[in-house]
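K.L.:
Curious how this folds, go ahead:
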Amino acid sequence: MSRIGKQPIPIPSSVQVQIEGSHVTVRGPKGELQRACHPEMGLKLDDGQLIVTRPSDQARHRALHGLTRALIANMVIGVEEGFSKTLELHGVGYRAHQAGRNLQLAVGFSHTVDVEAPEGITLEVEGTGRIHIRGVDKELVGQVAASIRHIRPPEPYKGKGIRYEGEHVRRKAGKAGKTLH
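P.N.:
Okay, here's the model as predicted:
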């Protein structure tokens, strides 16, 4: 049995879960999330816990079992606590500043890059070199962080670019130069 899938999902008192067939709605203090789960997975609310069951031991069902449980657990955590990612800007003249809900980045291009915050995501700038991305949907927070990083990923020679907080960039040596004989 799936080690992840067989664990029950604890539902805190501040969170309400509603199951209609294979559609799950989770409401909490930070917001509301909805997801349509695979119809073959069984969902059961029992004594403050949500239990995900699978119909058989086929490889496909085993994979869906753990996936469904993890997705629903992330929904519960998201509406109660929320998720966040932090990006850092490295490079001379690289800076970010807030324009309302959106973001303006100066990252070495001849123009500034405008980043629009999708619904349910808040973008905050700390100083000029740190960007905090917050929201209740873990997938969306990660996708927004990845798309901002994609604007100017860190390069291996000087390490300039946008990187995740704590990300290590492997540096390469530059040109070796001409050798004399």
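
K.L.:
So this structure: which segments form each domain?
P.N.:
The chain is divided into the following domains under automatic domain parsing: 9-80, 83-164.

K.L.:
what's the closest of those to Gly174?
P.N.:
Gly174 lies closest to domain 83-164 among the domains of the chain, at 6.1 Å (Cβ to Cβ). To be clear about C-beta, it is placed using only N, CA and C from the backbone, and glycine gets the same treatment.

K.L.:
gap between the two ends of that closest one?
P.N.:
15 Å (Cα to Cα, to the nearest Å).

K.L.:
would you turn the domains of the chain into TSV with mean neighbour count and mean pLDDT?
P.N.:
Compiled in TSV, the domains of the chain are given as follows (neighbours: other Cβ atoms under 10 Å; pLDDT from 0 to 100):
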stretch	mean neighbour count	mean pLDDT
domain 9-80	16	92
domain 83-164	16	94
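
K.L.:
mind putting the ones you listed in JSON lines, distance to Ala176 included?
P.N.:
Converted to JSON lines, the domains of the chain look like this (distance: least, Cβ to Cβ, whole Å):
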{"stretch": "domain 9-80", "distance to Ala176": "48"}
{"stretch": "domain 83-164", "distance to Ala176": "13"}
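
K.L.:
packing partners for the longest helix along the chain?
P.N.:
Secondary structure of the chain read by DSSP state H shows that its longest helix is helix 59-80. Counting contacts by 3 or more Cβ pairs under 8 Å, 6 or more residues apart in numbering; DSSP states H and E, helix 59-80 packs against strand 9-10, strand 23-28, strand 31-36, strand 49-53, helix 138-151.

K.L.:
Regarding the spatially closest residue to Thr25 that is not a sequence neighbour, which helix or strand does it belong to?
P.N.:
Nearest non-adjacent residue to Thr25, counting by Cβ to Cβ, 6 or more residues apart in numbering: Gln18, 4.4 Å away. If you go by DSSP states H and E, Gln18 is part of strand 16-20.

K.L.:
The residue nearest the centre of the chain and Tyr164: what is the separation?
P.N.:
Taking Cα atoms, centre = their mean as the criterion, Gly142 is the residue nearest the geometric centre of the chain, at 2.4 Å. Counting by Cβ to Cβ, to the nearest Å, the gap from Gly142 to Tyr164 is 10 Å.

K.L.:
which residues are common contacts for those two?
P.N.:
Shared contacts of Gly142 and Tyr164 (Cβ atoms under 8 Å, 6 or more residues apart in numbering): Lys85.

K.L.:
Need the single longest strand in this structure, by residues.
P.N.:
strand 83-90 (DSSP state E).

K.L.:
State the paired neighbours of that strand in the sheet, together with their directions.
P.N.:
Paired neighbours of strand 83-90 in the sheet (DSSP bridges): strand 130-135 (antiparallel), strand 161-164 (antiparallel).
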